[in-house]
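A.B. asks: Generate coordinates for the sequence data below:
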Amino acid sequence: MDAWEIDRERVIKATHLSRKPAPKSALVALGSVLLLFVASAIYWSDSFGAASLLPASRESVFSNGEYWRLVTSLLVHSDWAHFLSNAVVLGVLAFLIYGYYGPLAYPALTLVLGTLVTAISLHTYPAETWLLGASGVVYLMAGFWLTLYLLVERRIPLKKRVVRAVGFGLIVLVPTAVEPAISYRTHLIGFVVGFGFALAYFTKQKDALRAKERIEYEYY
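C.D. replies: You can find the predicted model right below:
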């Protein structure tokens, strides 16, 4: 081996996350927030008498066969504060996930897995307990984005990536106060499902993601 081959360092200068998000990312994010608002407004006003048909409980879904509630319960919120707490973070994550991983990751698989999160959560509650809100999906998306950030963004040292991911989680995902009406177990289930989703996605797309890295060698 020549001396010059020893005295060099492999440096990753660009990754999949170095590029700009897809052009329609902002529209997708805005459309997602608007959908939550419209559905929530229908719930608040009981337009068309639909309010009672939108939330989900274990009894309504699995005993009565009203499976649409697994989807509609993700869209409706109890009040403005509940809506805003989910809509802002969901909009940001929708922009990022659609922008960098495409429509299959968001909204397609996110919606499918969001219904799974709700189904699992319902089985942890009494049959008559009602769930509503997008928080399970928000935590699913956060688990997906943060896990892939740790795996993909190799321009940054791993320790620094972990610090940034933990900082994001503490600021955005950890509540400042415990509220009895909030289903924190749904948050946890959503995050765990998002983590698993990210690992599966990365395993499938690893070669394609790594192919987008730009590697340079620094000699010394």
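A.B. asks: From now on I want contacts and neighbour counts done on CA atoms only, so please keep to that.
C.D. replies: Noted.
A.B. asks: next structured bit after the strand or helix carrying Thr186?
C.D. replies: Following DSSP states H and E, one finds Thr186 within helix 184-211. Per DSSP H and E, the first helix or strand lying C-terminal to helix 184-211 is strand 214-219.
A.B. asks: Work out the sheet partners of that following strand and label each with its direction, please.
C.D. replies: If you go by DSSP bridges, strand 214-219 pairs up with strand 8-14 (antiparallel).
A.B. asks: Run the chain-centre distance for the partner strand.
C.D. replies: Computed by CA atoms, centre = their mean, to the nearest Å, the chain-centroid distance of strand 8-14 equals 30 Å.
A.B. asks: Please list the outside residues in contact with that strand.
C.D. replies: Residues outside strand 8-14 that contact it (CA atoms under 8 Å, 6 or more residues apart in numbering) are Arg154, Arg155, Lys212, Glu213, Arg214, Ile215, Glu216, Tyr217, Glu218, Tyr219, Tyr220.
A.B. asks: what secondary structure does the residue nearest the centre of the chain sit in?
C.D. replies: The centroid of the chain falls nearest to Met141 when counting by CA atoms, centre = their mean (0.6 Å). Using DSSP: H, G, I helix; E, B strand; the rest coil, the structure places Met141 in helix.
A.B. asks: From Val137, how far out is the closest residue to Phe195 other than its chain neighbours?
C.D. replies: Computed as CA to CA, 6 or more residues apart in numbering, the closest residue to Phe195 that is not its neighbour in sequence is Gly143, at 4.8 Å. Gly143 is 10 Å from Val137, where distance means CA to CA, to the nearest Å.
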